[in-house]
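>>> Here's my sequence, what's the structure:
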Amino acid sequence: MSDTTVYEIVWVLFLRPIQKMTTLTPLKKALNISQSNELTEAAYHLPLQAKRVLWLCLIQCYFNKNEPDDVSPLFSITVADYQKYFKVGVDTASTDMKKGVRALASNNVTFYPREGEYEEVTRPWLAEAGMKRGRGKWQVEFNYKVLPYLLGLTSQFTTYSLVDCGKLRSVKVIRLYESLCQFRQSGLWVTTAEWLSERFMLPASQRTNMAEMKRTFLTPALKNINESTPLKVGMRQDESGKLIFTIVDRNA
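Okay, here's the model as predicted:
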């Protein structure tokens, strides 16, 4: 697993002759999230509540490169977990979780495989989601074709702190932070405005106007990241139009 060491906060998912649910356990250390680079580089837009629901599932994932097909896609997440990790009241947690699960259930994610027949593949996130009556618990089943991307098709992961993400102001800023974390070891990320527009599903005003993208997205996003996370990031555009991000991890 690349980048920083992930604390022992994930549980090995049960093998699936019979579907079993995974649950979160109390944390003894700061919470880090690990997600596959395939998911970090995917194109999707989710509201913050759905992103948080996804996080609750991600921290349960254990990458088993020997038997990835035996991992269950079924997760159990609770209002109590949402309330605890995201520091909100029980009523807010209950409302947010319902909104988050519904948003996951109604949205798709697009992946860009490096190998195989297809250049890009779009799939729904979930196969099913159900709420237990009176228990504040949701049972979420991911689309079996999406699950490998949650667990990782390669051994490459992006690791970042959920605490840091909690200080960021929007889902698009969070997604930029996730992408920057993927390159914090090398300290350099070179990309294009087109890549950012496609992956982050930016509005037309930013897609067609680089100055507008900088003014309304990149500049305030990097200010938020520099002030609220361990990363210190600079950005410039070269003569060919490529965006060059320099990344310093102040915790390294």
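
>>> make it CA atoms for all contacts and neighbour counts henceforth
OK.

>>> since we're on Gln237, how many residues are nearby?
14 (other CA atoms under 10 Å).

>>> so what's it up against?
If you count contacts by CA atoms under 8 Å, 6 or more residues apart in numbering, Gln237 has them with 243-244.

>>> Roughly how far does it sit from Ile244?
Gln237 sits 6 Å away from Ile244, taking CA to CA, to the nearest Å as the criterion.

>>> what do these two both touch?
Joint contacts of Gln237 and Ile244 (CA under 8 Å, 6+ apart) do not exist.

>>> Once you drop chain neighbours, what's closest to Phe142?
Closest residue in space to Phe142, ignoring its immediate chain neighbours: Leu126 at 4.2 Å, by CA to CA, 6 or more residues apart in numbering.

>>> I'd like to know how many residues surround the one you found.
Neighbours around Leu126, by other CA under 10 Å: 23.

>>> Repeat that for Tyr112.
With neighbours defined by other CA under 10 Å, the count for Tyr112 comes to 16.

>>> Please name the residues that touch it.
38, 41-42, 118-121.

>>> swap the cut-off to 10 Å and go again
Contacts for Tyr112 (CA atoms under 10 Å, 6 or more residues apart in numbering) come out as 38-39, 41-43, 118-122, 199.

>>> now swap in Leu188 and tell me
So Leu188 contacts 180, 182, 233-235, 244-248 (CA under 10 Å, 6+ apart).

>>> can we see that at 7 Å?
245-247 (CA atoms under 7 Å, 6 or more residues apart in numbering).

>>> Any buried residues in the helix or strand hosting Tyr85, and which?
Using DSSP states H and E, the element containing Tyr85 is helix 79-86. Going by neighbour count (16 or more other CA atoms under 10 Å), the buried part of helix 79-86 is 79-83, 85.
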